[in-house]
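J.: The sequence and its predicted three-dimensional model are supplied below.
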Amino acid sequence: MLSEPQVTTRHEDGRDIPLLVWRAVRPLRTVGTGPLGGGLGVRRWVLNATVPMSYDRDDPADHLAGMARRLGLDGPGVGLLTGVDVTEVIARVDTGVQVWATVGLGTPVPAAAPDVAAPAQRVGTVNIVVYVPARLGDAALVNAVATATEAKAQAIADLGLPGTGTPTDAVTVLCPPDGPVSAYGGPRSTWGAPLARAVHAAVSAVGTDTVVPWSDRLQG
């Protein structure tokens, strides 16, 4: 089981900066695309940390690991970064599947864009954390990431925005380490279908209003 996210802060660069922490009651099977703890494995916690839109560190995994140590998080975990205020996390549940999303869609881009976004563009970040209450096989976990991404892209299209996501989006899917194995995670599978609906609902909930980057809130 994965806890509801706890909102806390870290003191950095003279500011108290928000972050979210999820803790697992026991280690969970996990797949993810985040800078810390990505890939397939067993994880005990998830961090989603706000950073300024000017963030330019080249060691995000080490940066996140340092945050985890200061919070006393033991064992392997997942770390995510975003330029939006993580206290505005959106939660949705569908048929036991829990989804949390922090959504920054200031400048969505199409995945197959011919040109790389200019450095000055504010691309934001959509970070999605999913807990499925049944054990998924390796292929099903990977498929669940694809399903979450498809549902996110569908929500962005439904909002009328010209893109499929941002270049820094990340997805993390967690599930129990034991029990009967579900072999499929696609959008018409037992667990992929509610996962897709919950992700779509969470990303859609941001509406058409642009989320103000956290660093801009400090200046407002």
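T.: Noted; the coordinates are in hand.
J.: and the longest helix seen in the chain, which residues are buried?
T.: Of all segments of type helix in the chain, defined using DSSP state H, the longest is helix 138-158. For helix 138-158, the neighbour count (16 or more other C-beta atoms under 10 Å) marks 140-141, 143-145, 147-156 as buried. Any C-beta I mention is one placed from the backbone N, CA and C, and that applies to glycine too.
J.: got it, and stretch 100-115?
T.: Buried, per 16+ other C-beta under 10 Å, within stretch 100-115: W100, A101, T102, V103, G104, L105, G106, T107, P108, V109.
J.: tell me the angle of the strand ranked longest in the chain relative to helix 138-158?
T.: For the chain, the longest strand by residue count, based on DSSP state E, is strand 15-32. With axes from the mean of the first three to the mean of the last three C-alpha atoms, to 10 degrees applied, the angle from strand 15-32 to helix 138-158 works out at 130 degrees.
J.: how far is strand 15-32 from where the chain is centred?
T.: Strand 15-32 sits 10 Å away from the centroid of its parent chain (C-alpha atoms, centre = their mean, to the nearest Å).
J.: ditto for stretch 172-183
T.: 18 Å.
J.: And that stretch, end to end?
T.: Taking C-alpha to C-alpha, to the nearest Å, stretch 172-183 runs 18 Å from one end to the other.
J.: in it, what's buried?
T.: T172, V173, L174, C175, P176, S182.
J.: Would you mind pulling up the elements that the helix or strand hosting the second one packs against?
T.: Going back to what we said before, that points to V173. Using DSSP states H and E, V173 falls within strand 170-175. Secondary-structure packing of strand 170-175 (3 or more C-beta pairs under 8 Å, 6 or more residues apart in numbering; DSSP states H and E): strand 15-32, strand 39-50, strand 78-82, strand 126-131, helix 138-158.
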